[in-house]
Every structure is written in structure tokens, then in C-alpha cells.
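Asker: Fold the following.
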Amino acid sequence: LKMDEKVNDKMHIAAWLGNIGNVYKMKALAVIDNEILRDSLNGKALDNYFRSLKLDEELGDKNGTSRALDLIGNLYLEKKDDQNALIYYSKSLKIAEEIGDKNHIPVILKNIGSLYVIFGQKSKGGIAYKTAEEYMLKAIKLNSEMGALNQTMDAESTLSELYSLMNKDALALEHFKKYI
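Answerer: Numbers count the residues shown, from 1 in each chain. Next comes the predicted model:
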């Protein structure tokens, strides 16, 4: 990072900042019994993600911008700030679709689908579950088309959980079998 800062290589600096944010986020996840420390580490992660985002936007790096927005969404999800997570995931998805990032789109779709599962749990189902299902099915389709087995399995697992919550046991079992 220091060397890239000396030569003002903003693209590499942005990547480093995202990686540093990931380190802080992983450290925060490892903290079990100290909420103040966990919040501090998450704050440092978020600061690095926003600095990375700013550089990516300055550079016009839409791929980097989309990924930074996704990282910010992930951190908000970890902090259980679902509304901000949705805002940043939605921004990330819009850019990923604009640039045709076929690898990243299904990841974001799955993230948004998972958020709608949470919204559904909070509101006792309804439209949130239907929206979650739509996002998960899109993610599964795109991942399958690309042969992204791990991502497909992850989305199948979440969809199985969703169908279980919806009391659609046959579909839950069907997608659980696809997961395993």
C-alpha cells in the first residue's frame, strides 16, 4: 500500500483498501464477547471500504465500484442494518448489470435474496418471501449457466431455507437435495 501511495497508483490503492477492510471485518467476526471492539473493527472496515469506493468512483472503475458497494452491503448485513445493506447491494447490482459482470451479478442477487428472507422473517412472510424467491431463482440460474457450483449450492441452500419458512416442504426438500 505504501509503495502504491508513493506513486499514486489509485487503482491498486483502492484494491488494498478493500482488502484491508476485509481483514478488519474478519477480525470483527472473530470477536465474540466484546461488542465495543467488534464495533470498532467494523468501523475501520467500513472506513476502508468507503475510501476504496471513493477511489474507484474517481477512477471511473465501475467493476471496482460495484465490488466496493457489495462489500459495504455485506458489512451492513453483518451489523444487521438491513436497509443500508439493501441500498448498497442495489447500487452494486445496478452497476454490475450495466457493465455485464456475469460473475458478480449472481452473487449480488443471492445477497439481495438473502436480505428479503430476513425481511420476510421480520414481517411473517408475504411479499418479501416472494421477492426473495425471485432473486434466489435468478442467482441459481445464472450460477448454473456459468458452472459456478459453489455459488449455485449456496443459493440452493438459502432457497431451501426459504421454502421451509414458507411451509413449502416439498420444494424445500427438492432444493436441499440440490444443495447437497
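Asker: Show me which positions of stretch 117-125 end up buried.
Answerer: Val117, Ile118, Phe119, Gly120, Gly125 (16 or more other C-beta atoms under 10 Å). (Each C-beta comes from the backbone N, C-alpha and C, glycine too.)
Asker: again with stretch 160-170
Answerer: Neighbour count says stretch 160-170 has Ser160, Glu161, Leu162, Tyr163, Leu165, Met166, Lys168 buried, by 16+ other C-beta under 10 Å.
Asker: Could you provide these in TSV, with additional columns for distance to Lys110?
Answerer: Converted to TSV, these look like this (distance: C-beta to C-beta, whole Å):
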residue	distance to Lys110
Ser160	13
Glu161	12
Leu162	11
Tyr163	15
Leu165	16
Met166	18
Lys168	19
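Asker: out of these, who's nearest Ser66?
Answerer: Leu162 (25.1 Å; C-beta to C-beta).
Asker: which residues sit against the helix or strand in which that closest one is found?
Answerer: Using DSSP states H and E, the element containing Leu162 is helix 149-165. For helix 149-165, contacts defined as C-beta atoms under 8 Å, 6 or more residues apart in numbering pick out 106-107, 110, 113-114, 117, 120-121, 125, 129, 132-133, 136-137, 139-140, 143-144, 169, 171-176, 178-179.
Asker: What subset of those is buried?
Answerer: 106-107, 110, 113-114, 117, 120, 125, 129, 132-133, 136, 139-140, 143-144, 171-172, 175-176, 178-179.
Asker: low-confidence ranges in the chain?
Answerer: Filtered on pLDDT under 70, the chain yields the residue ranges 1-2, 4, 8.
Asker: quick revisit: list just the nearest of the buried residues of stretch 160-170 to Ala96.
Answerer: The closest of those, once distances to Ala96 are taken by C-beta to C-beta, is Leu162, at 22.6 Å.
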